[in-house]
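Undergrad: Build me a model from this:
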Amino acid sequence: MRVDRWFGADEEWERPAPDRRAVLNDVWLAVLAFVVSALGAELMRSLGAFENERLGVGWQYVGMASAAALVAVRRSHPVLVTALAGVHMLALGLLVPMTMSTLPMQALYFFLIFSGVAWARDRRALLAAVALTLTLMAAWLAWTFALGRGLEQMVSSFGPEAEEGAGLFSPVVGMVGYTLLVNVIFFGGAIVLGQVAWDGARRTAQVLDQARTIAAQARRLRDQAVVDERLRIARELHDVVAHHVSVMGVQAAAARRVMGKDPDAATAALTSVEQSSRDAVTQMRGLLGTLRSGGDGDGDGDGVGGDVRGASAEDRTPQPTLADLPQLAARATTPTCEVVVDVVEATDGAAARVAPPLQLTAYRVVQEALANVHRHSTARSARAVVRVDEAAGCLEIEVVDDGTARAGTAGTGLGLLGMEERASHLGGRVEAGPRRGLAGWRVFMQVPLAGTPGPGGPGCAVGAPGARADDVPVELSQAGADR
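TA: Predicted coordinates for the structure are as follows:
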């Protein structure tokens, strides 16, 4: 493993600099370090440990104060602190060695090296500072060991047994080995623990960054869900309002035309207008009830909201299904346009087994297609065929009419866009356009019964977008006998 890689020199992450509060805390920590070092020195002085110090007390305090001052900038200038800690330790060891060797001062040097490694933002500069510190310490030890007389004095300080060589090693080997072991533990421990702290801070920063990313993605998904829900509501409102209003308009016009000639037909048309208006209000209340059911129940207590809020889920009108298509055809039939809706099942009961969301989609597509016939066409008849094939895993819808475009009735295109969005959400497709070789318009939708986005469900081969309008399955062609 490369040393620079272990130190994180190749990492792009940089530990943030300390804030003002952290710097102030380090200043107070530096004061505490000086007080503890001074207390330790005075206790050792009381034992006569400083009798051989060449410099006076003043220089001893200068050494302790300057070392403690490095604590104040340990996080703001970590690389400088690492280098100065090694230089300071060497200088104090040469000038006032007993002051440097006290336990508080040794702990202070350990803490300074640890802090430099843990907080350094330029890891390559840190690597150079650590190399300088280790080089200085190695040179100092080599210089100490080179003085034979000094080494003998260190050995004799352990007593007569050391001079006799009572252990496994000779006194000189024991002294050199022990000194090296202590320094390896001291400097190695400070560097390793500092690097562990830096790695921990880096991993924590990565976790926090991932948490922020996840939170941002969650917000985007939540916003997208709100947009999708608004689009769904817009489609439902468009389908409900547009269909019933268009039917009421056609029926009212028919009633006006035949009012003087055929009162019974006018009465039937006006009855259909009344029923369509009631159905529109009922479905609007059901839609509002769905929206309000997820809330907390608070509201202004007026209008439809009050009725829906007070009603239970069981009281609300259920969403339309394939079984409601015959009623839709009856309501859509006018004196000037006959509407027929057929549900073709490959197996008995297949329509009832279609998932409710898919049944609602099929109902809305047929409803919108018939509404477009009334709004934009001169058709005298319209036929809708819904085919459910569980073996193929497909649901297909075809709505055809025999009219031509009515002048001055160009729409906004939102109805067709809503059909495409519904089909796309369920993994299907929609085709809409003039019939080939015949008068009228054709709307065709194909979706997998699984109702999953993608290129169709299992066994449902969704056709290519380029398929022509009259290239329809055999069952649909047989059911739509008008073509």
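Undergrad: Tell me which stretches of the stretch 351-483 of the chain form helices.
TA: Along the stretch 351-483 of the chain, counting by DSSP state H, counting those that start in this stretch, helices occupy 356-376, 414-425, 474-479.
Undergrad: quick one, which of those is nearest to Val176?
TA: helix 414-425 (79.3 Å; C-beta to C-beta). C-beta here means a position set from N, CA and C on the backbone, and glycine is covered the same way.
Undergrad: Send over that closest one as PDB, restricted to the C-alpha atoms.
TA: Only the C-alpha atoms of helix 414-425 are listed here, as PDB (Å, rounded to 0.1, in the frame of the first residue of the first chain):
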ATOM      1  CA  LEU A 414     -56.200  17.800 -24.100                       C
ATOM      2  CA  GLY A 415     -58.600  14.800 -24.500                       C
ATOM      3  CA  LEU A 416     -56.200  12.900 -26.800                       C
ATOM      4  CA  LEU A 417     -53.300  13.900 -24.600                       C
ATOM      5  CA  GLY A 418     -55.100  12.500 -21.600                       C
ATOM      6  CA  MET A 419     -55.600   9.200 -23.400                       C
ATOM      7  CA  GLU A 420     -51.900   9.000 -24.300                       C
ATOM      8  CA  GLU A 421     -50.900   9.700 -20.800                       C
ATOM      9  CA  ARG A 422     -53.200   7.000 -19.400                       C
ATOM     10  CA  ALA A 423     -52.000   4.400 -21.900                       C
ATOM     11  CA  SER A 424     -48.300   5.300 -21.400                       C
ATOM     12  CA  HIS A 425     -48.700   5.100 -17.600                       C
END
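Undergrad: Give the buried residues for it.
TA: Gly415, Leu416, Gly418, Met419, Glu420, Glu421, Arg422, Ala423, His425 (16 or more other C-beta atoms under 10 Å).
Undergrad: Stretch 395-412 now?
TA: Leu395, Glu396, Ile397, Glu398, Val399, Val400, Asp401, Asp402, Gly403.
Undergrad: Among the buried residues of helix 414-425, which one lies nearest to Leu358?
TA: Arg422 (9.8 Å).
Undergrad: tally of neighbours for Gly56?
TA: By other C-beta atoms under 10 Å, the residues close to Gly56 number 10.
Undergrad: Look up how far Leu95 lies from it.
TA: 11 Å (C-beta to C-beta, to the nearest Å).
Undergrad: shaky segments in the chain?
TA: Counting by pLDDT under 70, the chain shows low-confidence ranges at 1, 147-167, 229, 232, 235-236, 238-247, 280-318, 408-414, 451-483.
Undergrad: mind checking the longest helix of it?
TA: helix 171-258 (DSSP state H).
Undergrad: between it and helix 414-425, how many degrees?
TA: 140 degrees (axes from the mean of the first three to the mean of the last three C-alpha atoms, to 10 degrees).
Undergrad: for helix 171-258, packing partners?
TA: helix 103-119, helix 123-146, helix 148-156, helix 160-164, helix 263-293, helix 325-332, helix 356-376, helix 414-425 (3 or more C-beta pairs under 8 Å, 6 or more residues apart in numbering; DSSP states H and E).
Undergrad: Tell me how far that helix lies from the chain's centre.
TA: With C-alpha atoms, centre = their mean, to the nearest Å as the basis, helix 171-258 stands 3 Å off its chain's centre.
Undergrad: returning to what we had before: now that we have the helices and strands packed on helix 171-258, can you turn them into a markdown table and tack on distance to Ala33?
TA: Listed next are these as a markdown table, based on distance: least, C-beta to C-beta, whole Å:
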| stretch | distance to Ala33 |
| --- | --- |
| helix 103-119 | 6 |
| helix 123-146 | 19 |
| helix 148-156 | 28 |
| helix 160-164 | 34 |
| helix 263-293 | 65 |
| helix 325-332 | 86 |
| helix 356-376 | 70 |
| helix 414-425 | 67 |
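Undergrad: so can I have a markdown table of the buried residues of stretch 395-412 showing distance to Val447?
TA: Conversion of those to a markdown table gives the following (distance: C-beta to C-beta, whole Å):
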| residue | distance to Val447 |
| --- | --- |
| Leu395 | 5 |
| Glu396 | 8 |
| Ile397 | 8 |
| Glu398 | 13 |
| Val399 | 15 |
| Val400 | 19 |
| Asp401 | 22 |
| Asp402 | 26 |
| Gly403 | 27 |
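Undergrad: Quickly name whichever of those residues is closest to Val430.
TA: Closest to Val430, out of all of the buried residues of stretch 395-412 and judged by C-beta to C-beta, is Ile397, at 9.0 Å.
Undergrad: ok, how many other residues are close to the residue lying closest to Ala350 once chain neighbours are set aside?
TA: Among residues not flanking Ala350 along the chain, Val388 sits closest, at 4.3 Å (C-beta to C-beta, 6 or more residues apart in numbering). Around Val388 sit 24 other residues, with neighbours defined as other C-beta under 10 Å.
Undergrad: Save the helices of the stretch 351-483 of the chain as a markdown table, and put in distance to Thr336 too.
TA: Listed next are the helices of the stretch 351-483 of the chain as a markdown table, based on distance: least, C-beta to C-beta, whole Å:
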| stretch | distance to Thr336 |
| --- | --- |
| helix 356-376 | 9 |
| helix 414-425 | 21 |
| helix 474-479 | 24 |
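Undergrad: Now for the nearest residue to Val3 once chain neighbours are set aside, how many residues are close by?
TA: Leaving aside its sequence neighbours, Val3 sits nearest to Leu127 (C-beta to C-beta, 6+ apart; 7.0 Å). For Leu127, the neighbour count with other C-beta under 10 Å is 20.
Undergrad: Leu127 against Asp10, yeah?
TA: No. Counting by C-beta atoms under 8 Å, Leu127 stays clear of Asp10, with 11.3 Å between them.
Undergrad: any residues in contact with both of these two?
TA: Common contact partners of Leu127 and Asp10 (C-beta atoms under 8 Å, 6 or more residues apart in numbering): Asp4.
Undergrad: Does Val339 lie in a helix or a strand, and which?
TA: strand 338-345 (DSSP states H and E).
Undergrad: what distance separates that strand from the centre of its chain?
TA: Counting by C-alpha atoms, centre = their mean, strand 338-345 comes out at 46 Å from the chain centroid.
Undergrad: what comes up buried for that strand?
TA: Val339, Val340, Val341, Asp342, Val343, Val344, Glu345.
Undergrad: Now do it: which elements does it pack against?
TA: helix 325-332, helix 356-376, strand 381-389, helix 474-479.
Undergrad: Dump those to a markdown table, plus distance to Lys261.
TA: Listed next are those as a markdown table, based on distance: least, C-beta to C-beta, whole Å:
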| stretch | distance to Lys261 |
| --- | --- |
| helix 325-332 | 23 |
| helix 356-376 | 22 |
| strand 381-389 | 22 |
| helix 474-479 | 35 |
